[in-house]
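>>> Return a 3D structure for these sequence lines:
(one chain, ligands or ions: 1)
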Amino acid sequence: MKQETYHDIIVIGGGPAGSTAATLLARHGHSVLLLERERFPREHVGESLLPFCYSLLKNLGVIEEMKKNFVRKPGVRFIDRDGTTSTTWCFDHIIKNETYLSFQVIRADFDLMLLKNAAKSGVEVREETSVVDADITTASDSVRVTSLDLTGQKTVHRARFLVDASGRDAFIGAKNGWRKPREELDRTSIWSHWGGVKLNGGLEEGLSIIIYMGREQKGWIWVFPIGENRITAGFVAQNSYIRDEQRKLKESGSTDWKRDLCMQELMQSKFVRELLEGSSQVIPMMINANYSYEVQNHYGSNYAMVGDARGFIDPIFSSGIFLSMKSAHLVAPAVHKQLTEGLNGENEMLVTAYKHISGAYNFVHRMIRLFYNPHSVTWAQAGADGVAHKAHESAMAAGHYMLSGDFFENYKKYDDFFAILEDPKHFQRYKKFVIDRKDFVKPSCHARWEDVFRDMVARDAERNAAFADA
Ligand SMILES: Cc1cc2nc3c(=O)[nH]c(=O)nc-3n(C[C@H](O)[C@H](O)[C@H](O)COP(=O)(O)OP(=O)(O)OC[C@H]3O[C@@H](n4cnc5c(N)ncnc54)[C@H](O)[C@@H]3O)c2cc1C
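Alright, predicted model coming up:
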């Protein structure tokens, strides 16, 4: 065992949640040690950002780098199972400044940028160093963490506070038996990146495309443009379906069931079929299994969980990175206050932060239950047919706000919109009186190619060359 290190704060994990929390705490003048298991850049799922991330990225000082490196995203299109009914939600419907253009990122590059930014802000970053133990019970104002590096060296680290940002490993939750699966959302996804794709169908203007799948899968397909001719595409389905299909594929002689299953599901969509014709896969097939769970005891006197380590619901609304980074923005000042002023009783600021964080996660959970409810109106139908009425219009604006990420401060305001979507009868009543306002429904967000893909041509060439060399 190596000698002990001493810091104010230890952060487990260098994803968006960990990098953000570490950067903000280091900027407050604390000594911060960030321990990350992998060597970055490393690929990761979760590539579409909500517009409400914009101000957080600006605050971290990386917005100009973002603009140079990543595709811009003006909105999201939900396409129904029939392949024809769709609603395009354009963020400029409610956001009237430059932040309406969000981002589609390659996570290897995005996470590396945030981790480097943390190091630049004074965080001591140790990659290829796994946390193998974390004791939060020794005292109320200190923690003891053990790490293991690639040489097999174990080191003990002490700190006054621990931030668990270990993602879906949920280190503290798993270690203490506080991590419970959400059985009703037991999903798995399989995905990859393809190059040489001729972008169309909304991708050419940066839109995220989400396609509802049939009932059996209880899932959906995503297609996002992440380069001028590069996409990320994958599908999400319930675990029992994946298990059955895996068995069937193996019995029929498949030697690469993940790839075969991913292609089988993607090819069911005419839209994706046409898109992938003549393209080539540019990263290995990736799988993320069993990923919906909740964690209890999100914080204590000497620790706090942020990002997926605090809980993970379902990625359908591309909310994960925003929830993670915003949580880190709320938790960091509360931790700073505690470390500078001491703890007398409860940390009220942390209590308030977690009230907002839990409110936001519960709200997103409600959106997700609605998505999977076969009896409610889908996000693909909600804006179709020119549904717009003065009263309804404000509800549709609420839909845009929700899809942009307005869940922390304002989630209570959106109850009316939920009521419409949750009750098809209610929705039909609106439809009867309201239809035919064609001006409301946008078939396109009309984002300009040069605004969406400006620097992508050169970046794509570099990225493809790096992939070919690897
Ligand atoms: C199928 C799918 C699609 C998704 N799509 C989107 C999307 O479009 N948009 C979106 O915003 N979100 C999406 N998400 C969610 C998104 O991926 C996560 O919410 C986001 O990555 C959370 O960031 P994080 O920092 O909490 O965790 P992570 O990004 O997972 O980072 C955690 C880090 O901790 C490290 N780590 C773990 N354990 C240890 C340990 N013991 N010691 C040291 N290091 C450790 C890991 O190596 C990792 O680098 C999706 C998720 C899934 C499953």
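>>> What's the first helix or strand after the helix or strand where Leu275 lies?
Element membership of Leu275 [criterion: DSSP states H and E] is helix 270-276. Once the chain leaves helix 270-276, the next helix or strand it forms, by DSSP H and E, is strand 280-281.
>>> Skip ahead from the helix or strand of the chain with the lowest mean pLDDT and say which helix or strand is next.
Across the helices and strands of the chain, mean pLDDT, DSSP states H and E gives its lowest value to helix 424-434, namely a mean of 57. Next along the chain after helix 424-434, taking DSSP H and E as the criterion, comes helix 449-453.
>>> And the contacts of that following helix?
Val71, Arg72, Lys73, Pro74, Leu101, Glu204, Glu205, Gly206, Pro225, Glu228 (C-beta atoms under 8 Å, 6 or more residues apart in numbering). Bear in mind the C-beta positions are built from the backbone N, C-alpha and C, glycine included.
>>> ok, residues contacting the helix holding Leu275?
With C-beta under 8 Å, 6+ apart, helix 270-276 has contacts from 79, 83, 194, 197-201, 203, 209, 211, 221, 223, 231, 233, 266-267.
>>> Which ones among those residues map onto strands?
Ile79, Trp194, Ile209, Ile211, Ile221, Val223, Ile231, Ala233 (DSSP state E).
>>> Can you give me the neighbour number for the first one?
What it means is Ile79. Neighbour count of Ile79, defined by other C-beta atoms under 10 Å: 25.
>>> try Val331
For Val331, using other C-beta under 10 Å, the count is 28.
>>> correct me, but it touches Ala309?
No. Using C-beta atoms under 8 Å, Val331 is not in contact with Ala309; the gap is 11.4 Å.
>>> Which PyMOL command selects the buried ones in the contacts of helix 270-276?
Burial among those is assessed by 16 or more other C-beta atoms under 10 Å; the matching PyMOL selection reads:
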select buried, resi 79+194+197+199+201+203+209+211+221+223+231+233+266
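>>> where are the low-confidence patches of the stretch 351-470 of the chain?
373-396, 398, 416, 424, 426-442, 457-458, 460, 464, 467-468, 470 (pLDDT under 70).
>>> can you rerun that using 50?
By pLDDT under 50, the low-scoring segments of the stretch 351-470 of the chain are 385-391, 433-441.
>>> same deal with the chain?
Using pLDDT under 50, the flagged stretches of the chain are 385-391, 433-441.
>>> which residues are contacting the longest helix anywhere in it?
Scanning the chain for the helix with the most residues, using DSSP state H, yields helix 348-372. Contact with helix 348-372 is made by 185, 218, 298-299, 304, 310-311, 313-314, 316-317, 319, 323, 326-327, 330-331, 333-335, 337-338, 376, 378-379, 402, 407-409, 411, 414, 418, 421-422, as judged by C-beta under 8 Å, 6+ apart.
>>> doesn't Gln264 fall inside a helix?
Yes. Counting by DSSP: H, G, I helix; E, B strand; the rest coil, Gln264 falls inside a helix.
>>> and the residue lying closest to it once chain neighbours are set aside, which of the three is it?
With sequence-adjacent residues excluded and distances taken as C-beta to C-beta, 6 or more residues apart in numbering, Gln264 is closest to Glu245, at 7.3 Å. Secondary structure, three-state DSSP: Glu245 is helix.
>>> From what I see, Glu245 and Lys258 are in contact.
No. Counting by C-beta under 8 Å, Glu245 does not reach Lys258; the two are 10.6 Å apart.
>>> how about Leu249, what does it touch?
Counting by C-beta under 8 Å, 6+ apart, Leu249 has contacts Trp257, Asp260, Leu261, Gln264.
>>> quick one on the thing from earlier: out of the contacts of helix 348-372, which are buried?
Judged by 16+ other C-beta under 10 Å, buried ones among these: 185, 218, 298-299, 304, 310-311, 313-314, 316-317, 319, 323, 326-327, 330-331, 334-335, 337-338, 376, 378-379, 402, 407-408, 411, 414, 418, 421-422.
>>> The ligand next: which of those are close?
Restricting the buried ones among the contacts of helix 348-372 to those touching the ligand (C-beta under 6 Å from any ligand atom) yields Ser319.
>>> Among the buried ones among the contacts of helix 348-372, which lie within helices?
323, 326-327, 330-331, 334-335, 337-338, 402, 418, 421-422.
>>> Mind picking the one among those that's closest to the ligand?
Leu323 (6.6 Å; C-beta to the nearest ligand atom).
>>> Report how many residues lie close to the closest residue to Asn239 other than its chain neighbours.
In space, and not counting its chain neighbours, Asn239 is closest to Asp186: 4.6 Å by C-beta to C-beta, 6+ apart. If you count neighbours by other C-beta under 10 Å, Asp186 ends up with 17.
>>> do you know how far Asp186 is from Lys180?
12 Å (C-beta to C-beta, to the nearest Å).
>>> same check, this time on Lys120
Taken as C-beta to C-beta, the span from Lys120 to Lys180 is 38 Å.
>>> Identify all contacting residues around whichever strand or helix holds Val131.
Assigned by DSSP H and E, Val131 belongs to strand 129-139. Here strand 129-139 makes contact (C-beta under 8 Å, 6+ apart) with 12, 35-37, 143-150, 154, 162, 164, 166, 171-172, 175, 300, 302-303.
>>> ditto for stretch 214-224
Counting by C-beta under 8 Å, 6+ apart, residues outside stretch 214-224 touching it are 47-48, 73, 81, 104, 187, 191, 203, 208-213, 231-238, 241, 265-266, 268-269, 271-272, 275, 316, 372, 374.
>>> swap in stretch 171-182?
Under the criterion C-beta under 8 Å, 6+ apart, external residues in contact with stretch 171-182 comprise 12-13, 131, 133-134, 136, 162, 164, 166, 170, 290, 292-297, 303, 305, 309, 313.
>>> ok, now with 6 Å
Ile12, Asp164, Ala170, Ser292, Tyr293, Glu294, Val295, Gln296, Asn297 (C-beta atoms under 6 Å, 6 or more residues apart in numbering).
>>> And it, what's buried?
Phe171, Ile172, Gly173, Ala174, Lys175, Arg179, Arg182.
>>> Out of those residues, the closest to the ligand would be?
Nearest member of the buried residues of stretch 171-182 to the ligand, counting by C-beta to the nearest ligand atom, is Phe171, at 5.0 Å.
>>> What's the first helix or strand after the host helix or strand of Thr88?
Assigned by DSSP H and E, Thr88 belongs to strand 86-90. Proceeding N to C from strand 86-90, the next assigned helix or strand is strand 102-104, under DSSP H and E.
>>> helix or strand right after that next one?
helix 107-120.
>>> Can you name every helix or strand that that following helix contacts?
helix 16-27 (3 or more C-beta pairs under 6 Å, 6 or more residues apart in numbering; DSSP states H and E).
>>> Just put the ones in helices among the buried ones among the contacts of helix 348-372 in JSON lines and tack on distance to Arg158.
Output for these, formatted as JSON lines (distance: C-beta to C-beta, whole Å):
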{"residue": "Leu323", "distance to Arg158": "30"}
{"residue": "Lys326", "distance to Arg158": "29"}
{"residue": "Ser327", "distance to Arg158": "25"}
{"residue": "Leu330", "distance to Arg158": "26"}
{"residue": "Val331", "distance to Arg158": "21"}
{"residue": "Ala334", "distance to Arg158": "21"}
{"residue": "Val335", "distance to Arg158": "16"}
{"residue": "Lys337", "distance to Arg158": "21"}
{"residue": "Gln338", "distance to Arg158": "17"}
{"residue": "Met402", "distance to Arg158": "43"}
{"residue": "Phe418", "distance to Arg158": "47"}
{"residue": "Leu421", "distance to Arg158": "50"}
{"residue": "Glu422", "distance to Arg158": "50"}
